[in-house]
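Peer 1: Pasting a predicted model and its sequence here:
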Amino acid sequence: MLIVGERINATNKRIAQAIQEKDADFIRKEAMAQAEAGADYIDVNAAPFREKEIEYLEWLFTILQEVSSKPLSIDTPDQKAAAAALKWHKGKAMINSITGEKEILSAFLPLLKEYKCNVVALCQDDSGIPTTLPDKLRVANQIIESLVGEGIELNNIYIDPLVQPISTDFKSALITLDTIEEIMSRHPGVHTICGISNVSFGLPSRRQINRNFTVLALQKGLDAAIIDPCDRELMANIITTNMLLGKDEYCANYLLAYRSGKV
Amino acid sequence: MDRTKQISEAIVQLKWDEIAALTNETLEAGIPALEIIDRGLVLGMSAVGIKFRDGEVFLPELLLSAKTMKTALEILLPILSQQGTGFIGRVIIGTVSGDLHDIGKKIVTSMLQGNGFEVMDLGVDVDPERFMEAVRDNDVQILGLSALLTSTMPMMEATIKALEKAGLRQKVKVMVGGASVTQAYADQIGADGYGADAVAAVEKARALISAQSP
């Protein structure tokens, strides 16, 4: 299970302020807390700053790579920002994210080939965001085929089936769960990833919904998630569910988590 | 309880399966359609909108209240058009080019409809040209532009420019909204109005219309 820690995101006002004020201590603490909580990747988003995005990303990458050895997830829709960030990154970065839109695919492909990094691909193409199971699968298959056809390793591809808020469509989570199951069974070796918290938009007690959705998604084969790893109960649910699903030999991770007070 | 109050209560309490019967009973009791809209639906929807803003009512409930309101409107609108009673105004709304976000716009649309506006929803990912054509081809007082992404906000400005270029800028008041949009941004791009939320958007739309009419 690959955990991408979502906290360093400039759409959050407190984070945006820290970035603008170059408050390195605040950012470092956010990164360390997530690494300590079990994040495998630290997501970094400065996209709302637009023309200053690249400048801020450079600062963020410099301080984040000093404080932790965790690789970074470059959260940007902008190919230029991704290209710059990949240059500064040590180790195997993750690009978050591309889509199946032709222009975006062709802009990002050279980067994916050069750096052999991980890539999150949103289940979306030139005709929009599909909402039914057959449409989601069609778009996911097309994206996987185009990427693999260009020599991208299946193991580096993370398909995000794009969970829509259940508050506006009460079947949307169910369709996403079925999409995960189908993708994982049709393309052995590929990964699925979810920005979990979107599912709970518009409802109260969002963390409760996020936790339960995560458990259901794990059962369908989801093997990566963009979450707040500092949500202790969510992390405990992930560790416990993975054990119950036969992914934790001798219950080693569960017991490790127990001894460090995480479950 | 007075009958229009019953209608507004039915909206607040999400009685979508009872609203049709209640609306018909109210009409039969001699209450004019416009009064049912004004004192029933509008008050009900504003109450729900305020509860939504304050976190007492949640998105699915807001959508259901809109459905309840629409059920009543489907009965009342044909009566109104027969009587030739005018509405507050006509609005064209859409999410700008490159942006596929729908929810905020849907909420604003429902709230506007509940408050006496006729709304033509152009959908999402609407390019400046299509907005311009819709303004050109329709009798409309307000154009509402929605964008959730900072990366698509410039398309609001592009749409205003497209109106100017086509000589249509004076024909409509332009309102903007969306998570990242601010009053300052609205001023900067020369929009006429901004709503921080759906309730504010409706208030602003009303104000723009009454400023227009003599």
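Peer 2: Okay, I see it. Numbering: from 1, shown residues only, chains lettered A, B, ... in the order given.
Peer 1: Name the single longest helix found in chain A.
Peer 2: helix A:133-149 (DSSP state H).
Peer 1: Could you pull out the buried residues of it?
Peer 2: Neighbour-count burial for helix A:133-149, counted by 16 or more other Cβ atoms under 10 Å in any protein chain shown, picks out A:L133, A:D135, A:K136, A:L137, A:V139, A:A140, A:N141, A:I143, A:I144, A:S146, A:L147. Heads up, the C-betas are built off the backbone N, CA and C, glycines and all.
Peer 1: likewise stretch B:150-160?
Peer 2: Applying a neighbour-count criterion of 16+ other Cβ under 10 Å, one finds B:T150, B:S151, B:T152, B:M153, B:M155, B:M156, B:E157, B:A158, B:T159, B:I160 buried in stretch B:150-160.
Peer 1: Closest to chain A out of these?
Peer 2: B:T150 (4.6 Å; Cβ to the nearest Cβ).
Peer 1: what is the rounded mean pLDDT of stretch A:123-141?
Peer 2: The average of the pLDDT scores along stretch A:123-141 is 95.
Peer 1: typed the wrong thing, it's stretch B:206-214
Peer 2: pLDDT averaged over stretch B:206-214 equals 81, rounded to a whole number.
Peer 1: now it, how far from the chain's geometric center?
Peer 2: Relative to the mean C-alpha coordinate of its chain, stretch B:206-214 is positioned 15 Å out (Cα atoms, centre = their mean, to the nearest Å).
Peer 1: next one: stretch A:247-263
Peer 2: The offset between the C-alpha centroid of stretch A:247-263 and the centroid of the whole chain comes to 23 Å, using Cα atoms, centre = their mean.
Peer 1: now swap in stretch B:61-77 and tell me
Peer 2: The chain centroid and the centroid of stretch B:61-77 are separated by 13 Å under Cα atoms, centre = their mean.
Peer 1: does that stretch come close to chain A?
Peer 2: Yes - contact of stretch B:61-77 with chain A is found when judged by Cβ under 8 Å from any Cβ of the partner chain, involving B:L63.
Peer 1: So which residues make contact with that stretch?
Peer 2: For stretch B:61-77, the surrounding residues in contact (Cβ atoms under 8 Å, 6 or more residues apart in numbering or on different chains) are A:167-168, B:7, B:10-12, B:14-16, B:19-20, B:22-24, B:27, B:33, B:36-37, B:40-41, B:44-45, B:48-49, B:52, B:57, B:106-107, B:110-111, B:113-114.
Peer 1: Okay, now the unreliable bits of the chain?
Peer 2: You didn't pick a chain, so chain A it is. Within chain A, not a single segment meets pLDDT under 70.
Peer 1: please go with chain B instead
Peer 2: Across chain B, the stretches falling below the confidence threshold (pLDDT under 70) are B:1, B:81-86, B:213-214.
Peer 1: Thought A:D126 was touching A:K102, still the case?
Peer 2: Yes - counting by Cβ atoms under 8 Å, A:K102 does reach A:D126; the two are 6.1 Å apart.
Peer 1: Spell out the secondary structure type for the residue in the stretch 1-150 of chain A positioned nearest to chain B.
Peer 2: The minimum distance from the stretch 1-150 of chain A to chain B, using Cβ to the nearest Cβ, falls at A:P48 (4.6 Å). Three-state secondary structure (criterion: DSSP: H, G, I helix; E, B strand; the rest coil) places A:P48 in helix.
Peer 1: show me what contacts it?
Peer 2: Neighbouring residues of A:P48 by Cβ under 8 Å, 6+ apart: A:A10, A:T11, A:A16, B:T150, B:S180.
Peer 1: picking that back up, now do the longest helix of chain A: everything it contacts.
Peer 2: Helix A:133-149 is touched from outside by A:99-100, A:105, A:109, A:112, A:119, A:121, A:123-125, A:130, A:154, A:157, A:159, A:161-162, A:175-176, A:178-179, A:182-183, A:186-187, A:190, with contacts defined as Cβ under 8 Å, 6+ apart.
Peer 1: Just the ones of these in strands?
Peer 2: A:T99, A:V119, A:A121, A:I157, A:I159 (DSSP state E).
Peer 1: And for the fourth one, nearest residue in space, chain neighbours not counted?
Peer 2: Just to be clear, that refers to A:I157. Leaving out its chain neighbours, the residue that sits closest to A:I157 by Cβ to Cβ, 6 or more residues apart in numbering or on different chains is A:V190, at 5.2 Å.
Peer 1: Same question for the second one.
Peer 2: The spatial neighbour of A:V119 that comes closest, neighbours along the chain excluded (Cβ to Cβ, 6+ apart), is A:I95 at 4.7 Å.
Peer 1: most neighbours, which of the contacts of A:P48?
Peer 2: When the contacts of A:P48 are compared by neighbour count (other Cβ atoms under 10 Å in any protein chain shown), A:A10 ends up highest, at 22 neighbours.
Peer 1: So that residue sits against A:A16, correct?
Peer 2: Yes - under the criterion of Cβ under 8 Å, A:A10 is in contact with A:A16, at a separation of 4.4 Å.
Peer 1: Need the residues touching each of the two.
Peer 2: Contact with both A:A10 and A:A16 is made by residues A:P48, A:F49, according to Cβ under 8 Å, 6+ apart.
Peer 1: for the contacts of A:P48, which one is nearest B:A134?
Peer 2: Proximity of these to B:A134 was ranked by Cβ to Cβ; the top entry is B:S180 with 24.0 Å.
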